[in-house]
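> sharing a model that was predicted from the sequence below.
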Amino acid sequence: MQGLHAHARRSVEVDHAHGAARLLNPMDLLGRRRWQIAALRAWAKGRAIHLDGLDRIDPERLAPIDGLLRGKRLVYLGEGDHFVHEVFTFRLLILRFLVPRHFRWIAEELGTCDGLRIDRYLETGDEGWLKKLPSFGYRGGCRADRDDSLTGLLGSETYPFEAMRAAHAELAKLLRGSLSGPKRLRWFGLDGDNAPGGAYEDLPHLLAGGSATARAGPGLGADPGRVIGAGGREARPGG
């Protein structure tokens, strides 16, 4: 093993003039990997914007990337890991930078119903919607004629439903409180609904149309079996 490591070290030399590593033996896969890592580090070091304390940074520190945004309609945000609060601090910082630059729609890998309800909060300010997010523990509207129990990771007893809900709620509140303008922020989910009860509740009002405020009326979810027929009339399936 020591011989292999020694051979790998001999297979790569660092080109200090160009800030990268040069592969001496193209057939050496371990050496190629080392070269790729060195090249990535050099590229990142030359372009990185160092941010110390995400929650205290002026978003305009990110102004050097304005050139990358010119003429763009979509910005994709990655995340270093799941289930860490820094993900939401990072999102808030980036959104505080993007919103003044006319990016107003936020799409997330989240259930469609969750996205609609966060959007209703952004429109109405009613924090009750932030307590009714099916992906994070809300189970209202479930049907008695079928089993909609969660499976996979979301079916685990250790999944941090409340912590995830609270983090999304905090982000939504901070966005609504700190970002304003002639066009409000919009939020929508790109994924299916893992727990469909909320979607059952929302469907009649979505079919009826109208603003988020209208869809959030007192009759929401009164009867998951009710649908809206032609002309907005209420009807029941098969009736």
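Right, received. Where do you want to start?
> contact partners of the one helix or strand Asp114 maps to?
Secondary structure from DSSP states H and E places Asp114 in helix 112-124. Residues outside helix 112-124 that contact it (CB atoms under 8 Å, 6 or more residues apart in numbering): 107-108, 126-127, 129-130, 132-136, 168, 172, 175-176, 184-193, 196, 198-199, 202, 206, 211-213, 215-216. The C-beta positions use only the backbone N, C-alpha and C, and glycine is treated the same way.
> which of those are buried? Put it as a ChimeraX command.
Here is the ChimeraX command that picks out the buried ones among those, judged by 16 or more other CB atoms under 10 Å:
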select :108,129,130,132,133,134,135,136,168,172,175,176,185,187,189,193,196,198,199,202,212,215,216
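> tell me how far Gly189 lies from His50.
The gap separating Gly189 from His50 is 33 Å, by CB to CB, to the nearest Å.
> for the chain, which spans come out with low pLDDT?
1-29, 180-182, 210-239 (pLDDT under 70).
> quick check: next helix or strand after the helix holding Asp114?
Using DSSP H and E, the helix or strand that follows helix 112-124 in sequence is helix 161-178.
> helices or strands up against that next one?
helix 86-98, helix 112-124 (3 or more CB pairs under 8 Å, 6 or more residues apart in numbering; DSSP states H and E).
> just say which of these is most tucked in.
helix 112-124 (a mean of 23; mean count of other CB atoms under 10 Å).
> by how many degrees do it and helix 161-178 diverge?
30 degrees (axes from the mean of the first three to the mean of the last three CA atoms, to 10 degrees).
> export helix 112-124 to PDB, keeping only CA atoms.
Only the C-alpha atoms of helix 112-124 are listed here, as PDB (Å, rounded to 0.1, in the frame of the first residue of the first chain):
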ATOM      1  CA  THR A 112     -47.200  21.100  -4.400                       C
ATOM      2  CA  CYS A 113     -49.600  21.600  -1.500                       C
ATOM      3  CA  ASP A 114     -46.700  22.800   0.800                       C
ATOM      4  CA  GLY A 115     -45.700  25.300  -1.800                       C
ATOM      5  CA  LEU A 116     -49.200  26.600  -2.200                       C
ATOM      6  CA  ARG A 117     -49.600  27.000   1.500                       C
ATOM      7  CA  ILE A 118     -46.400  28.900   1.900                       C
ATOM      8  CA  ASP A 119     -47.400  31.100  -1.000                       C
ATOM      9  CA  ARG A 120     -50.700  31.800   0.800                       C
ATOM     10  CA  TYR A 121     -48.800  32.900   3.900                       C
ATOM     11  CA  LEU A 122     -46.700  35.200   1.800                       C
ATOM     12  CA  GLU A 123     -49.900  36.700   0.300                       C
ATOM     13  CA  THR A 124     -52.000  36.900   3.500                       C
END
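> let me have the helices and strands packed on helix 161-178 in a markdown table, extended by distance to Asp145.
Putting the helices and strands packed on helix 161-178 into a markdown table (distance: least, CB to CB, whole Å) gives the following:
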| stretch | distance to Asp145 |
| --- | --- |
| helix 86-98 | 37 |
| helix 112-124 | 19 |
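> appreciated, that's everything.
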